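Trainee: Curious how this folds, go ahead:
(one chain, ligands or ions: 2)
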Amino acid sequence: MLFRDAPSRVSINEVSVRDGFQSEPQFVPTHEKIRLIDRLSLSGVARIEVTSFVSPKAIPNLRDAAEVMAGITRQPGVVYAALVPNDRGAERALAAKADEINLVMSIGESHNLANMRMTCAQSLAAFRAVMATVAGSGVKVNGVVATAFGCPFEGVQPLSRVLWAAEEYLALGMDGLALCDTTGMAFPRQVETYCRGVLQAFPKVPLTLHFHNTRGMGLANVLAALSVGVDSFDGSLGGIGGCPFAPGATGNVCTEDTVHMLEGCGVATGVDLDALLELARAMPALLGHEVPGQVARAGKSTDLHPCVATVAQ
Ligand code: COA
Ligand code: ZN
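Mentor: Ligands and ions are numbered 1, 2, ... in the order given. Below is the predicted model of the structure:
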């Protein structure tokens with residue numbers, strides 16, 4: 001049943017360099033960001049969320065957004081996206097030649113205030129200005145529904161509120177939707193229901209799911225979304241990540257663990273898992289601490305070990 005309606009191929013979007021690096025205790029040097037993005041560009045991921053054009057006071061770690069965008073070597077077929085909160089960010093993203101812009105609003109009013117310092121109405125007004133700025137540029141805009149499954153301050157968000165945000169986004173002319181479980185509150189059954197609801201309401205709109213593994217449900221949630229037909233997933237190398245404005249937020253689902261699971265289940269990702277694992281294994285040295293990803297430590301399930309046991313005489 002789980003795989004009956006599942007797509008046979010999915011897109012993997014890498015967000016470690018945005019969602020991950022934004023919350024690291026230490027600033028990751030610009031040249032290291034560029035080096036990693038250039039390697040990720042060759043790994044087969046469909047999209048890279050390169051950075052965010054937000055206030056450098058809010059997210060000091062990504063204050064080098066323009067330099068990073070200017071320094072990377074773009075590969076054909078890979079989409080280079082940037083997160084944007086307002087019109088100022090959109091102008092900066094356009095100047096940096098982002099292929100796509102991700103506009104973020106949390107549907108939990110309290111988290112939107114904590115994160116964006118705006119009410120939802122103010123975010124939507126800002127997005128209207130962004131859409132006017134972006135019009136005619138050819139840049140695609142994704143509407144990101146943050147805290148889609150639960151808000152750390154307000155609790156579970158109903159599906160009707162997710163659908164409301166999606167309708168508002170599409171009415172503004174956005175091209176795609178993303179549901180984000182910002183603080184890892186989603187349960188697989190809820191994910192199944194919400195994804196089915198959004199796919200039924202907007203069957204022609206590209207939909208991406210973005211999970212955090214805060215409570216160990218990340219991969220189960222990927223499977224729940226996959227089972228109803230979702231074919232695009234965000235992941236973070238090493239499983240790093242987390243919103244600095246949400247209490248207790250921790251990393252995204254780990255990209256290499258996700259690819260390992262999906263490929264092992266016969267779902268094609270187009271990603272070179274060995275290349276990802278090599279990059280993931282370099283993360284602790286880059287960041288100065290261990291990272292949560294598991295396959296990089298354990299090895300792939302197909303990696304066999306020499307058996308040294310002998311029969312007792
Ligand atoms: N890029 C660069 N600078 C920006 C900016 C942008 N997109 N938007 C605002 N700023 C600057 C302003 O110029 C101002 O600078 P100043 O103090 O030197 O004059 C400062 O940021 C504050 O601007 P203001 O309009 O008063 O915004 P605010 O303080 O109410 O913050 C946001 C609103 C949205 C700009 C800020 O909360 C933000 O960037 N949040 C992003 C949070 C985030 O990325 N979270 C994780 C990802 S989900
Ligand atoms: Zn996130």
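
Trainee: Which single residue in the stretch 201-313 of the chain comes nearest to ligand 1?
Mentor: Of all residues in the stretch 201-313 of the chain, Cys243 sits closest to ligand 1, with a separation of 5.1 Å (C-beta to the nearest ligand atom). Using the backbone N, CA and C atoms, a C-beta is placed for each residue, glycine as well.

Trainee: what are the phi and psi angles of that residue?
Mentor: With angles defined as degrees, to the nearest 10, Cys243 shows backbone torsions of phi -80, psi 120.

Trainee: Give me the pLDDT value at the residue of the stretch 101-250 of the chain found nearest ligand 1.
Mentor: Of all residues in the stretch 101-250 of the chain, Arg117 sits closest to ligand 1, with a separation of 3.6 Å (C-beta to the nearest ligand atom). At Arg117 the predicted local confidence, pLDDT, stands at 97.

Trainee: which one is the residue of the stretch 201-313 of the chain closest to ligand 1 nearest to, not counting chain neighbours?
Mentor: In space, Cys243 comes closest to Ala249 once its chain neighbours are excluded; the distance is 4.6 Å by C-beta to C-beta, 6 or more residues apart in numbering.

Trainee: right, is stretch 61-69 up against ligand 1?
Mentor: No. Looking at stretch 61-69 against ligand 1 by C-beta under 6 Å from any ligand atom, there are no contacts, and the closest approach is 7.6 Å.

Trainee: Start and end of that stretch, how far apart?
Mentor: Stretch 61-69 has an end-to-end distance of 15 Å (criterion: C-alpha to C-alpha, to the nearest Å).

Trainee: now swap in stretch 301-308 and tell me
Mentor: For stretch 301-308, the first and last residues are 19 Å from each other (C-alpha to C-alpha).

Trainee: Give me the contact list for that stretch.
Mentor: For stretch 301-308, the surrounding residues in contact (C-beta atoms under 8 Å, 6 or more residues apart in numbering) are His260, Gly264.

Trainee: centre of the chain versus that stretch, how much separation?
Mentor: In terms of C-alpha atoms, centre = their mean, to the nearest Å, the centre of stretch 301-308 is found 33 Å from the chain centre.
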